[in-house]
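Asker: predicted coordinates and the sequence they were generated for:
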Amino acid sequence: MKKLILSAATLAVVAGMAHAGSHSVVRMGTEGAYPPWNLINDAGEVDGFERELGDELCARAELTCEWVTNDWDSIIPNLVSGNYDVIIAGMSITDERDEVIDFTQAYTPPDPSVYAALSDDVDVTSGVIAAQAGTLQAGYVAESGATLIEFATPDETIAAVTNGEADAVLADWSFIETALAANSDLMEAGEPVVLGKGVGMGLRESDGELKAKFDAAIQSMKDDGSLNELIAKWEVSSQW
Amino acid sequence: MFEWCADPDTLEGFAWVACYLTNGKHLTAYMSFGTVMLLLAITAPVSLAFGFAGATAARSPVAPLRWLGKGYTAIVRGVPDIVFFLFFVIALDQGFEWMRHQVLCPDWTEPIRQGSDFVVCPAAKLPLSNAPQAVHEVYGFFLAVLTFAIVFGAFAANILFGAMRAVPRAQMETAEAYGMSHRQAFWRVLIPQMWIFALPGLSNLWMILVKATPLLFLLGVEDIVYWARELGGSKGPIFDYPHPDWSLWYFSALLVFYLGLTRVSEVVLGRITRKLSHGQATVAGEALRG
């Protein structure tokens, strides 16, 4: 074991001498389970709106980027601990998260979250509502008077409704839209609610330089309309 | 994989299934079976080594060593596994990076802890942020093995500690009467005889380790349970191979895999028990004399 640690450390040291300098590679952390925002495609690679957006932003900011996936539950702790440099995972900008990490400007505007259920007359203020743990929607449901049940992945929230465990699920409309297309039994229910301040990239608070680069890249994509084109292509949200 | 898979929309029946089961995602998922087996193959001996060290330390006549051995088993056994698995990866990783930071960047003036951020100099990152993803994955796997070994080592230590005490006292007295030193008696008489007493506990531990491998995903390693969940979830038209929720099928396959693995383990452990019983002063050993 000691030898393993040593040889791993030596290897890393040698590799480190070859190219030093901060952020020669920017590691982009995403969840890979939230289509159409981010997903693992059939070839086993990260794909979706944020993959295309992230690659374009990296090209504009002249950064070399690499994609990694991480569980949603531990996506913020692993960012602040330095396992990757950016969270780009459909994460809404909220005050609560902003205390721990920094956000770039939003790349999609705040959009309504919608309920999906097996019938459209479900009472979403008193029933049992599924939401992904640690999301805006989970926070909203908890305060809406309904009974909240949380799941680790978005897929499980949909499964909870289709198997009757929950009366409805609350999530971003783009995700619900995708789920509706895959499950013919599901339909929209209740009134949409607007949550958050839009979706942005999350960075460590100590990483101001990188944040400025991405802010500028997002601004340039907003200015030349390419961001709107991407949003339209993947149907993730309303446009700017 | 097959040439005729180029356009999944035109496929039907068997061809669709064949192409679906051999797409890049499934091939990666099949590889993860190897990851799990590799984890077991490395973790089992390493935990046993940790356990052996812990048990010998706990028996040591030197008080600080004894406290260390007993403390290790008591603390690790007393804390819920999931706490260890969530805490250890980040703590171990930060610990390694902190040590590298002290050695590699003595001139660094900024604090390492900035609010909730953990910032070490770029050269101290482990692995370096520009290292290929494969290196990151190997490092993550290594952390997982270490975490599993620490946790399961504590249980193994307790089992071996008990097994060492179960060896009949008369055996040790005889060894000493023959003029063996303490060390000689330990290695030549106690150790060879203790395994048969340790085996029931160790085989239990092995079974628990087999079942604990899904915790790998908590440690950031994409294991078979992660892939079953990912592949089984319903896939909309955005994917090449859309399908409804097939979790049940994928998890059934896992069930078969794990049952098969535990069955094979039982057979192998049965043989080892028989082998170790030979010439032992136990009921099973006596029965084999016939």
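Answerer: That came through fine.

Asker: contacts only, for the residue positioned nearest the centre of chain A.
Answerer: The centroid of chain A falls nearest to A:A89 when counting by CA atoms, centre = their mean (2.1 Å). Listed by CB atoms under 8 Å, 6 or more residues apart in numbering or on different chains, the contact set of A:A89 reads A:G29, A:T30, A:E31, A:Y34, A:W37, A:N38, A:E50, A:W72, A:I75. Every C-beta, even on glycine, is put in place using the N, C-alpha and C of the backbone.

Asker: which element follows the helix or strand of chain A with the lowest mean pLDDT toward the C-terminus?
Answerer: Within chain A, no helix or strand scores below helix A:2-18, which has a mean of 45 by mean pLDDT, DSSP states H and E. Using DSSP states H and E, the helix or strand that follows helix A:2-18 in sequence is strand A:26-30.

Asker: for that next one, packing partners?
Answerer: Where contact means 3 or more CB pairs under 8 Å, 6 or more residues apart in numbering or on different chains; DSSP states H and E, strand A:26-30 is packed against helix A:49-60, strand A:65-69, helix A:75-80, strand A:86-87.

Asker: looking at those, which is nearest to A:A166?
Answerer: For A:A166, the closest of these is helix A:75-80, at 23.5 Å, according to CB to CB.

Asker: right, and the helix or strand after the longest helix seen in chain B?
Answerer: Counting residues, the longest helix in chain B under DSSP state H turns out to be helix B:24-59. Remark: after helix B:24-59, the chain's next helix or strand is helix B:63-78, criterion DSSP H and E.

Asker: pull the residues that contact the helix or strand immediately after that following helix in the chain.
Answerer: As assigned by DSSP H and E, the chain's next helix or strand after helix B:63-78 is helix B:81-104. With CB under 8 Å, 6+ apart as the test, helix B:81-104 has contacts from A:5, A:9, A:12-13, A:16, A:74, A:77-78, A:81-83, B:76, B:108, B:112, B:118, B:120-121, B:123-126, B:140, B:143-144, B:146-147, B:150-151, B:212, B:215, B:218-220.

Asker: tell me which residues in helix B:81-104 are buried?
Answerer: Across helix B:81-104, burial judged by 16 or more other CB atoms under 10 Å in any protein chain shown covers B:81, B:84-86, B:88-90, B:92-94, B:96-97, B:100-101, B:104.

Asker: for stretch A:111-123, same thing?
Answerer: So stretch A:111-123, judged by 16+ other CB under 10 Å, has buried residues A:D111, A:S113, A:V114, A:Y115, A:A116, A:A117, A:L118, A:V122.

Asker: the last one and A:Y115 touch, don't they?
Answerer: Yes - assessed by CB atoms under 8 Å, A:V122 is found in contact with A:Y115 at 7.3 Å.

Asker: who does the strand ranked longest in chain A pair up with?
Answerer: With secondary structure taken from DSSP state E, chain A has its longest strand at strand A:187-194. When sheet partners are counted by DSSP bridges, strand A:187-194 sits next to strand A:112-117 (antiparallel).

Asker: rounded mean pLDDT for the partner strand, please.
Answerer: The pLDDT scores in strand A:112-117 average 90.

Asker: which residues are in contact with that strand?
Answerer: Against strand A:112-117 from outside (CB under 8 Å, 6+ apart): A:122, A:124, A:129, A:136-137, A:140, A:158, A:161, A:167-173, A:176, A:179-180, A:186-190, A:192-195.

Asker: now stretch B:242-253
Answerer: With CB under 8 Å, 6+ apart as the test, stretch B:242-253 has contacts from A:155, A:158-159, A:162, A:182-183, B:20, B:227-229, B:231-236.

Asker: cutoff 6 Å now
Answerer: A:A159, B:A228, B:L231, B:G232, B:S234, B:K235, B:G236 (CB atoms under 6 Å, 6 or more residues apart in numbering or on different chains).

Asker: what segments of the stretch 151-290 of chain B are helices?
Answerer: Taking DSSP state H, counting those that start in this stretch as the test, the helices found in the stretch 151-290 of chain B are B:169-177, B:182-185, B:191-212, B:224-232, B:247-277, B:283-289.
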